[in-house]
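Model the following, please.
(one chain, ligands or ions: 2)
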Amino acid sequence: RPGPGGRPAPRATGSLLVDNIGELVTNSPAGVGPLGLRRDVALLVEDGEVAWVGPARDAPAADRRIDAEGAAVLPGFVDSHAHLVFAGDRAAEFAARMAGEPYTGGGIRTTVGATRAASDDELRATVRRLRGEAMRQGTTTIEIKSGYGLTVADEARSLRIAAEFSDDTTFLGAHVVPAEYADRPDDYVGVVCGPMLAAAAPYARWIDVFCERGAFDVDHARAILACGQAVGLGVRVHANQLGPGPGVQLGVELGAASVDHCTHLSDADVDALASTTVDRTSGAETTTVATLLPGAEFSTRSPYPDARRLLDAGVTVALATDCNPGSSYTSSMPFCIALAVREMRMTPAEAVRAATAGGAAALRRRDVGRLEPGARADLMILDAPSHLHLAYRPGVPLIRQVLHNGVPQCR
Ligand code: NIG
Ligand code: FE
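Numbering: from 1, shown residues only. Ligands and ions are numbered 1, 2, ... in the order given. As a prediction, the model looks like this:
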């Protein structure tokens with residue numbers, strides 16, 4: 001696949017051996033338990049991919065070596081939901097919430113105003129800063145949405161800039177109805193499906209809609225997602241965040257890769273997520289992942305989604321940050337893992353899996369979220385002997401080193 005913006009991603013050349021790994025999370029059935037754990041192994045990287053994993057004594061010779069010193073090594077986190085293209089912040093809105101104001105999504109329009117007024121370079125600098133923050137915390141794959149431009153030109157440039165940093169870019173022109181269309185939402189939906197989609201689609205892999213009271217109703221959401229599908233974009237939905245609603249079942253009906261938030265679910269929603277559907281064109285079985293975003297519940301002081309209920313029903317769960325200036329201004333996957341374990345009844349292993357393989361499933365990616373031959377050499381070495389420490393030691397910077405495409409990232 002091409003790198004961000006169509007450019008080939010930088011890849012390490014030559015071979016690199018990571019050895020003295022105390023615990024390797026592979027997410028492969030070849031290992032033990034839900035994380036496919038392997039102990040006392042080494043991992044060989046060649047041309048930016050994992051070429052070999054095995055007992056250290058059998059390790060092949062390599063051009064370079066990294067000694068993991070008995071630490072845990074994990075696949076890089078796959079953050080499948082982030083809104084990084086924006087300007088300004090909403091710290092005052094956060095303070096008001098912590099003093100008792102509810103979150104309604106109304107502040108999105110504040111960020112839309114600031115984003116429209118920003119230059120391309122200002123937006124690019126914000127994405128670069130947040131991308132860097134995320135990478136230092138172990139995130140090697142991050143989805144990036146538009147959705148704070150909400151004009152044809154501002155959505156197109158948001159995605160053009162997003163594509164400089166990620167292969168997984170998402171057109172969210174249907175984030176809210178912008179103020180200038182407040183009394184004619186049908187007209188705005190026409191713009192989203194027409195000129196805005198045409199301008200955005202060359203830079204986007206996905207289309208998303210905020211299907212919620214106060215944003216887009218189910219008929220508008222279905223129409224917009226269908227237009228995106230018709231030009232080849234994959235579907236994802238912001239669904240059931242602020243209250244019960246039709247978004248989750250709409251996503252499943254359309255074969256969405258993921259429905260995100262899933263905070264207020266009925267039994268029928270859970271049943272729909274637990275079902276598999278058969279893709280009409282390829283005939284392949286697909287599932288819709290439930291992506292949970294606990295940073296949003298933390299920052300809006302709302303009840304957390306019930307991950308246990310979804311896992312017990314057999315639903316594939318992903319964890320992501322929802323990084324945005326309004327409802328969840330964190331780029332930290334370790335923070336989300338800690339919240340999921342403490343507040344959402346996930347085991348540490350389930351949370352780590354959801355933050356790696358779960359995110360990859362939510363982006364329909366096979367090349368990331370696992371560490372076995374053929375996967376991208378996207379990995380992190382912890383300052384800890386086990387993945388358990390990510391939840392056990394909340395708020396502690398435990399990511400010692402990150403490799404992206406086999407390339408060690410600067411600290
Ligand atoms: O995922 N829910 C809609 N969109 C974002 C919030 C955006 C904002 O408040 O600026 C979310 O939480
Ligand atoms: Fe979001």
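
The residue in the chain that ligand 1 sits nearest to: neighbour count?
Of all residues in the chain, G326 sits closest to ligand 1, with a separation of 2.4 Å (C-beta to the nearest ligand atom). The C-beta positions use only the backbone N, C-alpha and C, and glycine is treated the same way. Residues contacting G326 under the criterion other C-beta atoms under 10 Å number 24.

ok so it is a strand residue?
No - per DSSP: H, G, I helix; E, B strand; the rest coil, G326 lies outside any strand segment and is coil.

Does it touch R109 like I think?
No - applying C-beta atoms under 8 Å as the test, G326 and R109 come out as separate, 10.1 Å apart.

How much space separates D89 from D47?
From D89 over to D47 the distance is 40 Å, taken as C-beta to C-beta, to the nearest Å.

who in the stretch 151-300 of the chain is up against ligand 1?
Contact residues of the stretch 151-300 of the chain with respect to ligand 1, defined by C-beta under 6 Å from any ligand atom, are listed as 210, 238, 241, 296.

try 8 Å
Residues of the stretch 151-300 of the chain found near ligand 1, taking C-beta under 8 Å from any ligand atom as the criterion, are 175-176, 210, 212, 215, 238, 241-242, 260-261, 293, 296, 300.

Grab the most central residue of this structure for me.
Nearest to the mean C-alpha position of the chain, counting by C-alpha atoms, centre = their mean, stands S80 at 1.3 Å.

I'd assumed T321 was in contact with it.
No - with the criterion set as C-beta under 8 Å, S80 and T321 do not qualify as a contacting pair; they are 9.3 Å apart.

residue boundaries of the helices in the stretch 151-300 of the chain?
Counting by DSSP state H, counting those that start in this stretch, the stretch 151-300 of the chain has these helices, from start to end: 152-162, 185-191, 197-200, 218-230, 247-253, 267-274, 294-300.

got a markdown table for the ones you listed, with mean pLDDT too?
Formatted as a markdown table, the entries for the helices of the stretch 151-300 of the chain read as follows, by pLDDT from 0 to 100:
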| stretch | mean pLDDT |
| --- | --- |
| helix 152-162 | 98 |
| helix 185-191 | 98 |
| helix 197-200 | 98 |
| helix 218-230 | 98 |
| helix 247-253 | 98 |
| helix 267-274 | 97 |
| helix 294-300 | 98 |
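
host element of T330?
Secondary structure assigned from DSSP states H and E places T330 in neither a helix nor a strand.

For the residue nearest to it when sequence neighbours are not counted, list the residues it contacts.
Nearest non-adjacent residue to T330, counting by C-beta to C-beta, 6 or more residues apart in numbering: G295, 4.7 Å away. For G295, the contact set (C-beta atoms under 8 Å, 6 or more residues apart in numbering) comprises 321-323, 327-328, 330, 332, 335-336, 339.

how far away is G295 from C323?
With distances taken as C-beta to C-beta, G295 is found 7 Å from C323.

Now do the shared contacts for these two.
Between them, G295 and C323 share the neighbouring residues T330, with contact defined by C-beta under 8 Å, 6+ apart.

helix, strand or coil for R38?
In terms of secondary structure, R38 is strand; the call rests on three-state DSSP.

wait, doesn't it sit right on G22?
No - the criterion here is C-beta under 8 Å, and R38 misses it with G22 at 10.2 Å.

And these two? Which one has more around it.
R38 (22 against 17).

and that one, bridged to which residues?
Under DSSP bridges, the beta-bridge partners of R38 are L24.

ok, it - contacts?
R38 sits next to 23-24, 26, 30-32, 53 when contact means C-beta under 8 Å, 6+ apart.

ditto for D120
Contact criterion C-beta under 8 Å, 6+ apart gives 157, 161 as the residues in contact with D120.

Which single helix of this structure contains the most residues?
helix 120-136 (DSSP state H).

Measure how that one sits relative to helix 152-162, angle-wise.
Between the direction of helix 120-136 and that of helix 152-162, the angle (axes from the mean of the first three to the mean of the last three C-alpha atoms, to 10 degrees) works out to 40 degrees.

Please tell me how far helix 120-136 is from the chain's geometric centre.
Helix 120-136 has its C-alpha centroid displaced from the chain centroid by 16 Å (C-alpha atoms, centre = their mean, to the nearest Å).

Output it as PDB, nothing but the C-alphas.
Once side chains and other backbone atoms are set aside, the C-alpha atoms of helix 120-136 remain, and they are given as PDB (Å, rounded to 0.1, in the frame of the first residue of the first chain):
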ATOM      1  CA  ASP A 120      -2.700  25.200   6.000                       C
ATOM      2  CA  ASP A 121       0.600  25.400   7.900                       C
ATOM      3  CA  GLU A 122      -1.100  26.000  11.200                       C
ATOM      4  CA  LEU A 123      -3.300  22.900  10.700                       C
ATOM      5  CA  ARG A 124      -0.400  20.900   9.500                       C
ATOM      6  CA  ALA A 125       1.600  21.900  12.600                       C
ATOM      7  CA  THR A 126      -1.200  20.700  14.900                       C
ATOM      8  CA  VAL A 127      -1.400  17.300  13.100                       C
ATOM      9  CA  ARG A 128       2.300  16.900  13.300                       C
ATOM     10  CA  ARG A 129       2.400  17.700  17.000                       C
ATOM     11  CA  LEU A 130      -0.400  15.300  17.900                       C
ATOM     12  CA  ARG A 131       1.000  12.600  15.600                       C
ATOM     13  CA  GLY A 132       4.400  13.000  17.300                       C
ATOM     14  CA  GLU A 133       2.700  12.800  20.800                       C
ATOM     15  CA  ALA A 134       0.900   9.600  19.800                       C
ATOM     16  CA  MET A 135       4.000   8.000  18.300                       C
ATOM     17  CA  ARG A 136       6.000   8.600  21.500                       C
END
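
That's all I had, so thanks and see you.
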